[in-house]
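In: can't give you the sequence, but here's the structure:
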């Protein structure tokens, strides 16, 4: 028997071997199929359209004639900025705008300062009542602003701060500071305490350490605090209506005078509504880079 008559499996023709099973691609947990991807993008597009439509519609109406809200088709025939020039020249809008800037700027400055100092003190220092202070901040957030109008009105009346910029700023601070203090406390917890120790070694006071070392590192958190405080005052209606008279009306209150029961002026109302949104959009653009990091950093450590 020769070697040629004995074929081992190793020398068998390749055609007689069983073909290997085709490998099947396993999709990762974070990978989406085509159908899921299309559904996701369609949902996001739909949500964007729904959210943007009211703003786009008001902008569209504001560029048309006086009766554009009744006949939207007339807007494209008479596209202009007449409503904006009329409301700026023939109403108290410039005065309302200045009042709102003063109140919103004061609320932002006071809210950021109080929230940052309170959050830093609770994060770094141990003193009697620190936990109770933070729980008090939390409890105040449980009450709707409408419930606080009467007690705040009485307090401001006793302090002679009704129809006063400072009184309205303090009222807005009662809403902005508690939430911002909790957020800043969580953000300061993420900053290593060794930085404070290094500041004390260099001879800095506690406030010097806070101002010169911690504040520059906390800019994302401060940006979120400033943005929230600004929005709290910029578009608020209830407090401004009850605590301020016509000479000190803010934009959110002044725009209501265009919507009287007898003859509402929707052209001026829509133009003023767009003007109100512009400063808020500008502030958002200034702090948008810090918003995500500032909102998420405080959730990593309590």
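Out: Arrived safely. Computed from a predicted model, the values in this text were never measured in an experiment. Residues are numbered from 1 along each chain as shown.

In: where do the strands sit along the stretch 151-300 of the chain?
Out: Using DSSP state E, counting those that start in this stretch, no strands are found in the stretch 151-300 of the chain.

In: Would you mind listing where it has pLDDT under the threshold?
Out: The stretch 151-300 of the chain contains residues with pLDDT under 70 at 260-262, 291-300.

In: Quick check: the gap between the closest residue to residue 218 other than its chain neighbours and residue 241.
Out: The spatially closest residue to residue 218, leaving aside those adjacent along the chain, is residue 187, at 5.9 Å (Cβ to Cβ, 6 or more residues apart in numbering). Where you see a C-beta, it was placed from the backbone N, CA and C, and this is true even at glycine. Separation of residue 187 from residue 241 (Cβ to Cβ, to the nearest Å): 34 Å.

In: more crowded one of these two?
Out: More crowded of residue 187 and residue 241, by other Cβ atoms under 10 Å: residue 187, with 29 against 14.

In: That one reaches residue 122, doesn't it?
Out: No. Residue 187 is not in contact with residue 122 according to Cβ atoms under 8 Å; the separation is 11.9 Å.

In: So which residues of the stretch 101-250 of the chain form helices?
Out: 130-140, 149-158, 165-189, 194-201, 206-209, 215-217, 219-234, 238-243 (DSSP state H, counting those that start in this stretch).

In: want to try CSV for these, with distance to residue 32 as columns?
Out: Below are the helices of the stretch 101-250 of the chain laid out as CSV (distance: least, Cβ to Cβ, whole Å):
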stretch, distance to residue 32
helix 130-140, 39
helix 149-158, 49
helix 165-189, 32
helix 194-201, 42
helix 206-209, 48
helix 215-217, 37
helix 219-234, 31
helix 238-243, 44
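
In: Please name whichever of the ones you listed is nearest to residue 73.
Out: Nearest of the helices of the stretch 101-250 of the chain to residue 73, taken as Cβ to Cβ: helix 219-234 at 33.7 Å.

In: And the closest one, what does it pack against?
Out: Secondary-structure packing of helix 219-234 (3 or more Cβ pairs under 8 Å, 6 or more residues apart in numbering; DSSP states H and E): helix 93-124, helix 165-189, helix 266-297.

In: Buried residues, that helix. List them.
Out: Buried residues in helix 219-234, counted by 16 or more other Cβ atoms under 10 Å: 220-234.

In: same deal with stretch 47-54?
Out: For stretch 47-54, the buried set under the neighbour-count rule, 16+ other Cβ under 10 Å, is empty.

In: Quick check: mean pLDDT of that stretch?
Out: For stretch 47-54, the mean per-residue pLDDT is 94.

In: Can you tell me what sits against that stretch?
Out: For stretch 47-54, contacts defined as Cβ atoms under 8 Å, 6 or more residues apart in numbering pick out no residues.

In: can you do 10 Å?
Out: 56, 273 (Cβ atoms under 10 Å, 6 or more residues apart in numbering).

In: and that stretch, how far from the chain's centre?
Out: Its chain's average C-alpha position is 18 Å from that of stretch 47-54, according to Cα atoms, centre = their mean, to the nearest Å.

In: what's the spacing between stretch 202-222 and its chain's center?
Out: On Cα atoms, centre = their mean, the centre of stretch 202-222 falls 24 Å from the chain's centre.

In: tell me which residues of that stretch are tucked away?
Out: 204, 209, 210, 211, 213, 214, 218, 220, 221, 222.

In: repeat for stretch 165-180
Out: In stretch 165-180, counting by 16+ other Cβ under 10 Å, buried: 165, 167-180.

In: Could you measure from the closest residue to residue 219 other than its chain neighbours over to residue 40?
Out: The shortest distance from residue 219 to any residue other than its chain neighbours is 6.3 Å, reached at residue 290 (Cβ to Cβ, 6+ apart). According to Cβ to Cβ, residue 290 and residue 40 sit 28 Å apart.

In: Please say which of the two ends up with more neighbours.
Out: Legend: neighbour count by other Cβ under 10 Å for residue 290 and residue 40, higher for residue 290 (17 against 11).

In: any idea how far that one lies from residue 281?
Out: In terms of Cβ to Cβ, residue 290 sits 16 Å off from residue 281.

In: before we move on, what about residue 32?
Out: Counting by Cβ to Cβ, the separation of residue 32 from residue 281 is 32 Å.

In: Check residue 70 too.
Out: If you go by Cβ to Cβ, the gap between residue 70 and residue 281 works out to 28 Å.

In: Could you do residue 155 as well?
Out: Distance, residue 155 to residue 281, by Cβ to Cβ: 34 Å.
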